[in-house]
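K.L.:
sharing a model prediction with you, sequence too.
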Amino acid sequence: MGFFKRLRGNKSEQTLAKAQAGGAGSSGGGGRPKRRWYWRLTFFLLRWGAIASVTGAALLAALVAGYSYFADDPLKAGFGNSTAKLTILADDGRVIAEKGMRRNHVPLEKMPQHLIDAVLATEDRRFYSHFGVDPRGILRAMIANRRAGAWVQGGSTITQQLTKVLFLTPDRTLRRKLEELLLALSLEYRLDKKQILELYLNRIYFGRGNYGVAAAAQSYFGKPVSDLTIYESAILAGLIKAPNYYAPTRHMERALKRGRVVLKGMLSVGFITQAQYNEALANPPTLRAYLPSESYGYVIDLVVQRVGEYGLNSQIDMVVETTINYEMQGVAQKIVSDNMDQHGKKYSAGEAAAIILDTNGAVKALVGGRDYKKSQYNHAVTAKRQPGSTFKPFVWLTALELGMTPNSTVYDGPLQIGDWSPSNYNNRYHGDVTLRQGLAFSLNTVAVRLSEWAGRDNVIKTAHRLGIVSKLQQNASIALGTSEVSLWEITSAYVPFANGGYSARPHIIKSVRNSHGQTLYSVGRTDWGRVIRSKHVAQMNDMLMTTIETGTGQKGSLTPHQAAGKTGTTQSYRDAWFIGFTGHYVTGVWIGNDDNSPMKRVTGGGLPTMIWHDLMLYAHVNKQPVMLPGGDRRERDSGGDIVAGGRSLFDSVFGGLFGDSERRDSDLGTPDSSRSRSRDPYSTGSTSDERRSRRERPARQKTWLEELFE
């Protein structure tokens, strides 16, 4: 304030001197002259600007001091805001992986200088000259974003980024931004630049569950941080902007391109020489050689996802015990990858997936794709595709539960339902066939006739009862597997055929414990009781074994193990499946393309069955052959009808309507095969007399299963 008084005094003396010198030219007879308006404005701005600056500085200092006092110790903070250590075990206790925050800390002195320079060149070039917030950087980012018309640069300093990791939530609010600014200033006040940079490099996220440069260096390149090359350091520095997008395991070429941008930035600020730049480009890095345990990529991702879905506290260390067989998983991934590498290009097949379950629904191996390094999309769990003929067992089972048998006759011939006319794979028809033959050779018209006779809603109920969870469309083509499902759910729906008719909830986690051994989650009950009568299990296994013995799945023979299964091929060869089982395991295989483009005549009985055979062959090493449920009965009855009281099940329900020689429903077969050939080719195979007879037939009583699951 004294400055302004002195300024006014000096000005007054000058004015008085001018007045005295001016004599008659002065106004007011020696009175004080009136100052011009701009002088008054200048005095006002200087005075109150100084007051506001001093007050603001004092307030800011008080806020920074307050945040510094009440905030957590930055050297210990941050662990509670990130996923804690997650140890994933195989079924025998061997460690599959460790995910989440690592507790190891690498001093800045043990990090190569080119790694530090790469991070500074990419994230904060003025790190050593600003005070935690960089006004120039913010202004530069605003101009760049304005010119680009989009968000292309950020103005956050390394100090600000560190405060987000240590103290803040990811909410984007004005209050959080203000807290970030104050905490950044506080951090600069409490720590020196070296400490801030060291803390940042040990806490920042680098993708794939890796926090800190040490974990990232080991995960991506299989080496300690001190051995990183300049290009490897550039790739790690480039990950900070978008860890998942630039992850080299996800898209190596994208990561290399990002690394080149970082190298160019290092060159432009003089962190590396032109010779070093050229040498780095000439020797691009490669990912580490993946160990057998690292074929667990899809398993690890699914386990982490499931733990999150269970609502467990992610801020504590946990040990997850899975159902995965360590060796089987590694071999399964190799079998799928090798087969696709050998045959994929030939058949224009881009992707494959497989899953192996035991008869209790426990996942023993899970292959979500042909190469986890190229694509982390889990085709076994997440992808939903049309299952084709692998859906037909649910149609056949429904027919059995309504009174038919494997030897019941169905007419295989042209069929018209509205504007739709289903046809067989090779457009050939076989006339009257048994249910066993119809399933073994995957006859489409037989499947549709059975579905229409049994009722589409009953077929859908059967599928849901056995384990299908996806919504199924109640249309005529439901029998041909046109409603999309995942490999995970349809494979699990075959488990009741393998275990004698009991439901089995598919699961990959057995238990979750904290670091003190306390159980946080247990899988609990996976068997929810019988869903198929034992005699129907025997009949289904009878027919599904025929598929492998003489039908479309002959490449899946596992002698001396009894095996059964079903092939599936969708329209235009877009999907190819094989789901099969023994008394030990149920395995499903899918092949197709992510863009849903057709393959070159890949059927379920071809490459999928070959892969299935190789998977099951390894899975059954040192396994004693066991009969499938009903397999011993099948041998005793020599493939005949399962009888009840000396009469077939068909006759028990329908009373031998057409006599002993013609046990068929009028919708499914024709009383006279020769006469059927002269009918309208789009007929359902029923005469008017037969249809009238069907209408006059007394209503059939519901079975106990229909009443139970209605």
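P.N.:
That came through fine. In this text, all values refer to a predicted model and were calculated from it rather than measured experimentally.
K.L.:
for V395, see how far away A362 is.
P.N.:
Note on A362: its distance to V395, by C-beta to C-beta, to the nearest Å, is 28 Å. Heads up, the C-betas are built off the backbone N, CA and C, glycines and all.
K.L.:
more neighbours, these two?
P.N.:
The neighbour count for A362 versus V395, taken as other C-beta atoms under 10 Å, is higher for V395 (30 against 22).
K.L.:
wait, isn't the more buried one in contact with L480?
P.N.:
No - with contact defined as C-beta atoms under 8 Å, V395 does not reach L480; the gap is 9.1 Å.
K.L.:
shared neighbours of those two, anything?
P.N.:
Jointly contacting V395 and L480 under the rule C-beta atoms under 8 Å, 6 or more residues apart in numbering are A447.
K.L.:
just the strands in the stretch 251-400 of the chain please.
P.N.:
For the stretch 251-400 of the chain, applying DSSP state E, counting those that start in this stretch gives strands covering 318-322, 351-358, 363-367.
K.L.:
buried deepest among those, which one?
P.N.:
strand 363-367 (a mean of 27; mean count of other C-beta atoms under 10 Å).
K.L.:
mind putting the strands of the stretch 251-400 of the chain into a markdown table with mean pLDDT?
P.N.:
Below are the strands of the stretch 251-400 of the chain laid out as a markdown table (pLDDT from 0 to 100):
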| stretch | mean pLDDT |
| --- | --- |
| strand 318-322 | 94 |
| strand 351-358 | 97 |
| strand 363-367 | 97 |
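K.L.:
could those strands go into CSV alongside distance to T159?
P.N.:
Converted to CSV, the strands of the stretch 251-400 of the chain look like this (distance: least, C-beta to C-beta, whole Å):
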stretch, distance to T159
strand 318-322, 32
strand 351-358, 44
strand 363-367, 43
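K.L.:
these: which one's closest to R456?
P.N.:
Nearest to R456, of all the strands of the stretch 251-400 of the chain, is strand 351-358, at 27.6 Å by C-beta to C-beta.
K.L.:
who are the packing partners of that closest one?
P.N.:
helix 326-343, strand 363-367, helix 487-493, strand 585-592, helix 607-619 (3 or more C-beta pairs under 8 Å, 6 or more residues apart in numbering; DSSP states H and E).
K.L.:
tell me which of the ones you listed lies nearest to D457.
P.N.:
Closest among the helices and strands packed on strand 351-358, using C-beta to C-beta: helix 487-493, at 17.4 Å.
K.L.:
excluding sequence neighbours, find me the nearest residue to R533.
P.N.:
G501 (6.5 Å; C-beta to C-beta, 6 or more residues apart in numbering).
K.L.:
one step back: closest to K566 out of the strands of the stretch 251-400 of the chain?
P.N.:
Going by C-beta to C-beta, the one of those nearest K566 is strand 351-358, 15.4 Å.
K.L.:
strand partners (parallel or antiparallel) of the closest one?
P.N.:
In the sheet, strand 351-358 lines up against strand 363-367 (antiparallel), strand 585-592 (antiparallel) (DSSP bridges).
K.L.:
pLDDT on the last one, on average?
P.N.:
The average of the pLDDT scores along strand 585-592 is 97.
K.L.:
residues touching the residue nearest to R533, list them.
P.N.:
530-534, 536-537, 629.
K.L.:
name the nearest of those relative to L472.
P.N.:
V531 (16.6 Å).
K.L.:
quick one: the closest one and F394, what's the gap?
P.N.:
11 Å.
K.L.:
okay, and the common contacts of these two?
P.N.:
L466.
K.L.:
neighbour count winner among the two?
P.N.:
F394 (29 against 21).
K.L.:
who's in contact with that one?
P.N.:
459, 462-463, 466, 468, 493.
K.L.:
how about the helices in the stretch 101-250 of the chain?
P.N.:
For the stretch 101-250 of the chain, the helices defined by DSSP state H, counting those that start in this stretch occupy 113-123, 135-148, 158-166, 174-190, 193-203, 213-221, 230-239.
K.L.:
quick one, which of those helices is nearest to R40?
P.N.:
Per C-beta to C-beta, nearest to R40 of these: helix 135-148, 30.9 Å.
K.L.:
about what we covered before: just the buried subset of the contacts of G501, please.
P.N.:
531-533, 536-537, 629 (16 or more other C-beta atoms under 10 Å).
K.L.:
got the helices and strands packed on strand 351-358 as a markdown table, with distance to Y296 columns?
P.N.:
What follows is the helices and strands packed on strand 351-358, written out as a markdown table (distance: least, C-beta to C-beta, whole Å):
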| stretch | distance to Y296 |
| --- | --- |
| helix 326-343 | 6 |
| strand 363-367 | 9 |
| helix 487-493 | 17 |
| strand 585-592 | 18 |
| helix 607-619 | 16 |
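K.L.:
still on that earlier bit, out of the contacts of F394, who's the most crowded?
P.N.:
Busiest of the contacts of F394 [other C-beta under 10 Å] is A493, holding 30 neighbours.
K.L.:
now that residue: closest residue in space, sequence neighbours ignored.
P.N.:
Excluding its sequence neighbours, the residue lying closest to A493 (C-beta to C-beta, 6+ apart) is G467, at 3.6 Å.
K.L.:
quick check: the one you found touching E489?
P.N.:
Yes - with contact defined as C-beta under 8 Å, G467 reaches E489; the gap is 6.0 Å.
K.L.:
which one's more surrounded, the two?
P.N.:
Higher neighbour count among G467 and E489: G467, with 22 against 19, using other C-beta under 10 Å.
K.L.:
show the pLDDT at the more buried one.
P.N.:
93.
K.L.:
pull up the gap between it and I532, please.
P.N.:
Taking C-beta to C-beta, one finds G467 at 11 Å from I532.
K.L.:
so what's in contact with these two at the same time?
P.N.:
P496.
K.L.:
circling back to that earlier point, make a markdown table out of the strands paired with strand 351-358 and add distance to Q161.
P.N.:
Output for these, formatted as a markdown table (distance: least, C-beta to C-beta, whole Å):
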| stretch | distance to Q161 |
| --- | --- |
| strand 363-367 | 36 |
| strand 585-592 | 42 |
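K.L.:
just how off-centre is stretch 252-267 within its chain?
P.N.:
Relative to the centre of its chain, stretch 252-267 is centred 28 Å away, using C-alpha atoms, centre = their mean, to the nearest Å.
K.L.:
list the buried residues of it.
P.N.:
252, 255-256, 258-260, 262-263, 265-267.
K.L.:
and for stretch 228-248?
P.N.:
Those would be 228-240, 243, 246-248, for stretch 228-248 by 16+ other C-beta under 10 Å.
K.L.:
which one in the buried ones among the contacts of G501 is the model shakiest on?
P.N.:
Across the buried ones among the contacts of G501, the bottom pLDDT score, 90, is held by P629.
K.L.:
look up how far L46 lies from the closest residue to G605 other than its chain neighbours.
P.N.:
Leaving aside its sequence neighbours, G605 sits nearest to T552 (C-beta to C-beta, 6+ apart; 4.1 Å). In this view, T552 and L46 are 93 Å apart by C-beta to C-beta.
K.L.:
thanks a lot, catch you later.
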